[in-house]
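Undergrad: the following comprises the amino acid sequence and a computationally predicted model.
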Amino acid sequence: MTDKFMEMSIPELSSKLVVAPLYIINLIMCIGYLIVLRKEKGCFVFIGKIYSFIIIVNYIVALYFRFFYS
């Protein structure tokens, strides 16, 4: 790994998530999980919903850094 990633700030690294293909696939799967299992109840389903919510919020923050951070 090169040192250029070590020199980048957190907002710069976070803004790289917006165009990362694996993160976009993960985001789509999380949105699908929330849509398909919106009426289900249970501990493991709830943990999956929390994970999905965290991924979506993280992507929104990355979008913010991508468009409004200089």
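TA: It's in.
Undergrad: quick check: which ranges of the chain have low pLDDT?
TA: Counting by pLDDT under 70, the ranges of the chain that qualify are 1-2, 70.
Undergrad: let me see the ranges of the strands in it.
TA: With DSSP state E as the definition, the chain shows no strands.
Undergrad: tell me what the longest helix along the chain is packed against?
TA: The longest helix of the chain (DSSP state H) is helix 43-68. Under the contact criterion of 3 or more Cβ pairs under 8 Å, 6 or more residues apart in numbering; DSSP states H and E, helix 43-68 touches helix 10-15, helix 21-36. Just so you know, the C-beta spots here come from the backbone N, C-alpha and C atoms, and that holds for glycine as well.
Undergrad: list the buried residues of it.
TA: For helix 43-68, burial by neighbour count (16 or more other Cβ atoms under 10 Å) applies to 48, 49, 52, 55, 59, 62, 65, 66.
Undergrad: residues contacting the fifth one?
TA: Counting by Cβ atoms under 8 Å, 6 or more residues apart in numbering, residue 59 touches 17, 18, 23, 27.
Undergrad: try 10 Å this time
TA: 14, 17, 18, 20, 23, 24, 26, 27, 30, 31 (Cβ atoms under 10 Å, 6 or more residues apart in numbering).
Undergrad: got the residues you listed as JSON lines, with neighbour count columns?
TA: Below are those laid out as JSON lines (neighbours: other Cβ atoms under 10 Å):
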{"residue": "14", "neighbour count": "19"}
{"residue": "17", "neighbour count": "20"}
{"residue": "18", "neighbour count": "15"}
{"residue": "20", "neighbour count": "13"}
{"residue": "23", "neighbour count": "16"}
{"residue": "24", "neighbour count": "13"}
{"residue": "26", "neighbour count": "16"}
{"residue": "27", "neighbour count": "18"}
{"residue": "30", "neighbour count": "19"}
{"residue": "31", "neighbour count": "14"}
